[in-house]
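Participant: my questions are about this predicted structure, shown below with the sequence.
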There are 2 protein chains.
Amino acid sequence: MKKTANTSEPKVEQLLKVMELSKVLNSTLEQEEVYHRAIQVATDLMRCEVGSLLLYDKDAGELFFHVALGEKGEAVKAIRLKMGEGIAGWVARNRTPAVVNDTSQDPRFFSKADSHSGFVTRNVICVPILRKGRLLGVLQAINRHDGTLFNKDDVALFSSLADQVAIALENAALYAELRETFISTAEAMAEAIEMRDPYTGGHIKRVQEYAVATGMELGLDGEELELLRLVAILHDIGKIGVDDSILKKPGPLTPEEAKIMQEHPVHGEKILEHIKALRFALPGMMHHHERVDGKGYPSGLSGDAIPLHARIIAVADTYDAMTSDRPYRKGLSRQTALDEIHRCSSTQFDPAVADAFCKALAKLDQPS
Amino acid sequence: MKKTANTSEPKVEQLLKVMELSKVLNSTLEQEEVYHRAIQVATDLMRCEVGSLLLYDKDAGELFFHVALGEKGEAVKAIRLKMGEGIAGWVARNRTPAVVNDTSQDPRFFSKADSHSGFVTRNVICVPILRKGRLLGVLQAINRHDGTLFNKDDVALFSSLADQVAIALENAALYAELRETFISTAEAMAEAIEMRDPYTGGHIKRVQEYAVATGMELGLDGEELELLRLVAILHDIGKIGVDDSILKKPGPLTPEEAKIMQEHPVHGEKILEHIKALRFALPGMMHHHERVDGKGYPSGLSGDAIPLHARIIAVADTYDAMTSDRPYRKGLSRQTALDEIHRCSSTQFDPAVADAFCKALAKLDQPS
């Protein structure tokens, strides 16, 4: 005779709850998002009013609040704790969990955060976040809702959650590192391609900066900006197919040479067309020499038929070319170049983009 | 008066257990590893003898066993199930969990896997793996250890686990996709740099293939091979700094031209030296024109002082250069080129590497 499941087993709801928290924590690879979710799940699991995540700055030997939620949040973001300082510092130094069920009775309790924010910490559970023996930070949950005391089961559960947070942090860091390596490598190679013309050092970096600032001014979102950044990095790689004798020619090009030069966006697209993840970046690269009046190249597109990214790169690229020194002439002044951008608005450039570019440039020059 | 935690709460051990399973599942971003761990945690959570993961092949509209553990594993790997076929197919088509506590009594039960492997499925719990409305696959646990029946709590827990598997699969896929984009972009740009000499199409791809095969022959592990692949992709990017008049010169170079040409590994290193994650790849790139007799460039290193990756690229690069057609000469035959590699072993090439290269090449030519 078969038995059904034993009814003395834990309520399945609670098992589902902790599994749900794992899902919340792991269903992102974005670092900032992991930070936020870690606090959210910590507060939830420990049935507390608030939570906080302190990250460990190895070089300074200090803990800092990377994210702090709620109205008091901003006030505590500036706080840094030394190893051993306060409960979080004690936990970090000893790599041991701490429970303080009554902060007024614990000599370790000294809360810079409370004194900065006016928040009152009545009780707290705090565990180290460790990964492969390295301290990543400290996770805290503060002020239990239901008035029960934190016990050793809570410590075990919260420590297990901290291990999950450590894994989520590590995954997000690995992803961020790979993305950074990808972007830096593409950038370095693109800059090298550009550098064959030895007077264009830093061009790629500047076009990126101008383009992304203009995109933000135009209200593009995170993913659109990432694509725009890729377009800015890659926009000129097709120049690799243009012979030195044309690319480095100091004077004006013959019609035949100009024709070869104008092939570079097409050549750039050919180089990258088989890469699936770059597919959405290619139209921006391909058309960055079109003009809104239809007199550009390679396709003679006009107005809104030119991809937005291409219209942005067109302004950023031209502005940087005008303001950079060349062996045979000094770069134009900022004002002269801006006047030129204005003058060519509605013929060469999309006026809305040119306008956003000018606003973005003003902000870039003016540190906030 | 404060209360301590309610003792009617679930045993903390079981909560810790499901949290532990989440950790196992999420502490990797490698796809193959996620597949294995998904089966492991499924079997563990459901207290079963075996488990299996079937992935959904959208194009074919079929499920297939990507991984199957144990001695019967290999026998089931060839099996593909159509939508609706067997219990797994039913679950996939209906996107609904299924429990069969006695397979002999369920008309849906038809196990290709059993008939292929001789394994006997007595009872099975099977849930769809869904992510944002997309079907990724099906997770199964088979033959409960303790003889209890699968009940609705088991379905709820196993479904929750399948959601976690979906997240882990998605994270691993995102990571793999980003890595693929990085590698393809670097490769495309490197090939374009190489293509300025228009007679070298496919050189980067072939050098990669030869180098990785040689590295495997020499017993390098996964991480070493990844680095070697990067070195192979990037080895010649410094050529971007060499003028067309030298790079494309069909005849022999003058001593001055040769000197400029020999700067290319140094130039390549300069392009990439600030990228942290590439730091370990740079020595291989920098020294791929050294010779074991010390007569190479740019540093005149000899013997084992030349990084292993560089010694491998040296052979792979030279072999490909010899066997490729040039406008002014046809490429050498395979045998003539191999004879030349042998002849230069111990002077130009590390004999152990040259030997491994020859063995690897023989295997590449001979499909397994």
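Facilitator: Cool, the structure landed.

Participant: chain B contacts on the stretch 201-350 of chain A?
Facilitator: Residues of the stretch 201-350 of chain A lying near chain B by C-beta under 8 Å from any C-beta of the partner chain: A:237, A:240-241, A:243-245, A:271-272, A:274-278. All C-beta spots, glycine's among them, are computed from the backbone N, C-alpha and C.

Participant: from those residues, which land in helices?
Facilitator: By the criterion of DSSP state H, membership of those in helices covers A:244-245, A:271-272.

Participant: from those, list just the buried residues.
Facilitator: Buried subset of those (neighbour count, 16 or more other C-beta atoms under 10 Å in any protein chain shown): A:244, A:271-272.

Participant: what ranges does chain A have for its strands?
Facilitator: Secondary structure of chain A by DSSP state E: the strands cover A:48-57, A:62-67, A:80-82, A:98-100, A:124-131, A:134-144.

Participant: tabulate those strands in TSV, adding columns for mean neighbour count.
Facilitator: As requested, those are exported to TSV (neighbours: other C-beta atoms under 10 Å in any protein chain shown):
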stretch	mean neighbour count
strand A:48-57	21
strand A:62-67	20
strand A:80-82	16
strand A:98-100	20
strand A:124-131	24
strand A:134-144	23
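
Participant: among those strands, show the one with the smallest mean pLDDT.
Facilitator: Taking the mean pLDDT of each of the strands of chain A, the lowest value is held by strand A:62-67, a mean of 84.

Participant: do any residues in stretch A:185-198 lie close to chain B?
Facilitator: Yes. Shown here: stretch A:185-198 in contact with chain B (C-beta under 8 Å from any C-beta) through A:185-186, A:188-193, A:195-196.

Participant: tell me which two in those are the farthest apart.
Facilitator: Largest separation among the residues of stretch A:185-198 next to chain B by C-beta to C-beta: A:Thr185 and A:Arg196, giving 18.2 Å.

Participant: so which of those two has more stuff around it?
Facilitator: Each of A:Thr185 and A:Arg196 had its neighbours counted (other C-beta atoms under 10 Å in any protein chain shown), and the higher figure belongs to A:Thr185 (24 against 20).

Participant: just the pLDDT for the more buried one.
Facilitator: Per-residue confidence at A:Thr185 stands at 90 (pLDDT).

Participant: coming back round to it: least confident pick among the buried ones among the ones in helices among the residues of the stretch 201-350 of chain A next to chain B?
Facilitator: Among these, pLDDT bottoms out at A:Asp244, giving 83.

Participant: which residues touch that one?
Facilitator: By C-beta atoms under 8 Å, 6 or more residues apart in numbering or on different chains, the residues touching A:Asp244 are A:196, B:243-245.

Participant: shaky segments in the stretch 151-300 of chain A?
Facilitator: With pLDDT under 70 as the threshold, the stretch 151-300 of chain A has low-confidence stretches at A:197-200.

Participant: ok now the biggest helix by length in chain A, how far from the chain's centre?
Facilitator: The helix of greatest length in chain A, counted in residues with DSSP H as the criterion, is given as helix A:152-195. Mean-position distance between helix A:152-195 and its chain equals 11 Å (C-alpha atoms, centre = their mean, to the nearest Å).

Participant: could you give the angle of it to strand A:124-131?
Facilitator: With axes from the mean of the first three to the mean of the last three C-alpha atoms, to 10 degrees applied, the angle from helix A:152-195 to strand A:124-131 works out at 50 degrees.
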